[in-house]
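Trainee: any chance you could fold what I've pasted below:
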Amino acid sequence: MAFVVNLLLETESVAVRDVICDGACREMGEEEQASQTCLVFPYRGVFVRRIGEEDVVAEPNQVLLFNRGEAYRVSHPVAGGDACLSVAMPEALFAELVPDTHCTKAPAFAFNKQKLQIDARAQALVALLRHGLATGTAEMLEGETLALTLVRRAVGRHNTGGGSSSSYGRRKLADRAKLVLSSDLARRWTLGEIAAETGVSPVYLTQVFQQVEGVPLYRYQLRLRLAKALDLLGDYDDLTALGLELGFSSHSHFSAAFRQAYGRTPAEFQRFVGLR
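Mentor: Numbering: from 1, shown residues only. Prediction:
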């Protein structure tokens, strides 16, 4: 498994890295340890992280919480690799930003869960921070401010989702459905096809997924498609082609969904982050 790590910003308060993995390891890899306490925001692809006996699916609707020195293993059940934005900061700063529901603070700061679900605004902040730092349009102070805003948005007091109130079996079922959706984002899946892939009935699948993730399957798929659009905006002049390749029925459908989620059309977002 090969990594490319690009350091986008490093100050005494925050370090931001763009981490790209080729995803060659389809099975669980060797044990690794996080060198820093950080938040990891997947923005492309999907992977599975295992801590102890617990697996979580990492994809662009989630932020993963890494504790310094904590052992974990990673696999890539869906081909294509992944890319993530890593935001690290001193644990004392995390302790100020993270509510008690998501961490322990004594005797030392540590996250008490593996991941949280993030919203469209946090996804847009990930794209804005990454593109702004990579293109040089965001200066150091702006980058630091955006990074702190992103952390506050992802794990602040408003965000109590993505916890472990659902049973282990139900969370595993929801994760299997996420992997099915991530395997082909452009495909117009039917509920029966996803249910067949996960080995349960369509009714049970919809009930469990809604309970675990708080959103229905179709909306979760939409958010995955829009997150991929955020990642690919810099690569496309023809936004109609981008929308069609992601499974939207038309440019107007793509543009309306994007604007509803992120407050700007795809073309407006391109200009806003300096991609055009």
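Trainee: name the element A147 belongs to?
Mentor: Per DSSP states H and E, A147 falls inside helix 140-155.
Trainee: the residue nearest to S166 when sequence neighbours are not counted: how many residues sit nearby?
Mentor: Closest residue to S166 apart from its sequence neighbours, by C-beta to C-beta, 6 or more residues apart in numbering: V212 at 4.6 Å. Glycine gets a C-beta too; all of them are placed from N, C-alpha and C. Counted by other C-beta atoms under 10 Å, the residues lying close to V212 total 22.
Trainee: quickly find the element holding V212.
Mentor: Per DSSP H and E, V212 falls inside helix 202-213.
Trainee: output that helix as CSV - backbone C-alpha positions only.
Mentor: Output of helix 202-213 as CSV, limited to C-alpha atoms (Å, rounded to 0.1, in the frame of the first residue of the first chain):
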residue,chain,number,x,y,z
PRO,A,202,-35.5,-4.3,1.3
VAL,A,203,-37.9,-3.4,4.1
TYR,A,204,-35.4,-4.4,6.8
LEU,A,205,-32.5,-2.6,5.1
THR,A,206,-34.4,0.7,4.8
GLN,A,207,-35.4,0.6,8.4
VAL,A,208,-32.0,-0.3,9.7
PHE,A,209,-30.1,2.2,7.5
GLN,A,210,-32.4,5.1,8.5
GLN,A,211,-32.0,4.2,12.2
VAL,A,212,-28.2,3.9,12.1
GLU,A,213,-27.4,6.9,9.8
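Trainee: other SSEs contacting the helix or strand following that helix?
Mentor: The first helix or strand that comes after helix 202-213 along the chain, using DSSP H and E, is helix 217-232. If you count contacts as 3 or more C-beta pairs under 8 Å, 6 or more residues apart in numbering; DSSP states H and E, helix 217-232 packs onto strand 38-45, helix 120-135, helix 168-183, helix 202-213, helix 239-245, helix 251-262.
Trainee: could these go into CSV alongside distance to W189 and mean pLDDT?
Mentor: Output for those, formatted as CSV (distance: least, C-beta to C-beta, whole Å; pLDDT from 0 to 100):
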stretch, distance to W189, mean pLDDT
strand 38-45, 18, 96
helix 120-135, 21, 93
helix 168-183, 7, 93
helix 202-213, 11, 90
helix 239-245, 16, 94
helix 251-262, 17, 94
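Trainee: pLDDT score for the residue most central in space within the chain?
Mentor: The centre of the chain sits closest to P60, judged by C-alpha atoms, centre = their mean, with a distance of 2.7 Å. P60 carries a pLDDT score of 95 in this model.
Trainee: just give the closest residue to it, not the sequence neighbours.
Mentor: Using C-beta to C-beta, 6+ apart, the nearest residue to P60 is A227, at 3.4 Å.
Trainee: give me the contact list for stretch 173-192.
Mentor: 45-46, 48, 55-57, 59, 77-78, 166, 194, 197-200, 202, 205-206, 208-209, 212-213, 217, 220-221, 224-225, 228, 245-247 (C-beta atoms under 8 Å, 6 or more residues apart in numbering).
Trainee: give me that answer again for 6 Å
Mentor: Residues from elsewhere that reach stretch 173-192, judged by C-beta atoms under 6 Å, 6 or more residues apart in numbering: 46, 57, 59, 77-78, 194, 197-198, 202, 208-209, 212-213, 221, 224-225, 228, 246-247.
Trainee: output it in CSV with nothing but the alpha carbons.
Mentor: Taking C-alpha atoms only, stretch 173-192 is exported to CSV below (Å, rounded to 0.1, in the frame of the first residue of the first chain):
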residue,chain,number,x,y,z
LEU,A,173,-25.4,-3.9,7.9
ALA,A,174,-25.4,-0.2,7.3
ASP,A,175,-21.7,-0.4,6.6
ARG,A,176,-22.2,-3.2,4.0
ALA,A,177,-24.8,-1.0,2.3
LYS,A,178,-22.3,1.9,2.2
LEU,A,179,-19.7,-0.3,0.5
VAL,A,180,-22.3,-1.4,-2.1
LEU,A,181,-23.1,2.2,-2.9
SER,A,182,-19.5,3.3,-3.0
SER,A,183,-18.6,0.5,-5.4
ASP,A,184,-20.4,2.3,-8.2
LEU,A,185,-21.6,5.8,-7.4
ALA,A,186,-23.0,6.4,-10.9
ARG,A,187,-25.1,3.3,-10.9
ARG,A,188,-28.8,3.7,-10.4
TRP,A,189,-29.2,1.1,-7.8
THR,A,190,-32.6,-0.4,-6.9
LEU,A,191,-33.4,-1.1,-3.3
GLY,A,192,-33.8,-4.8,-4.2
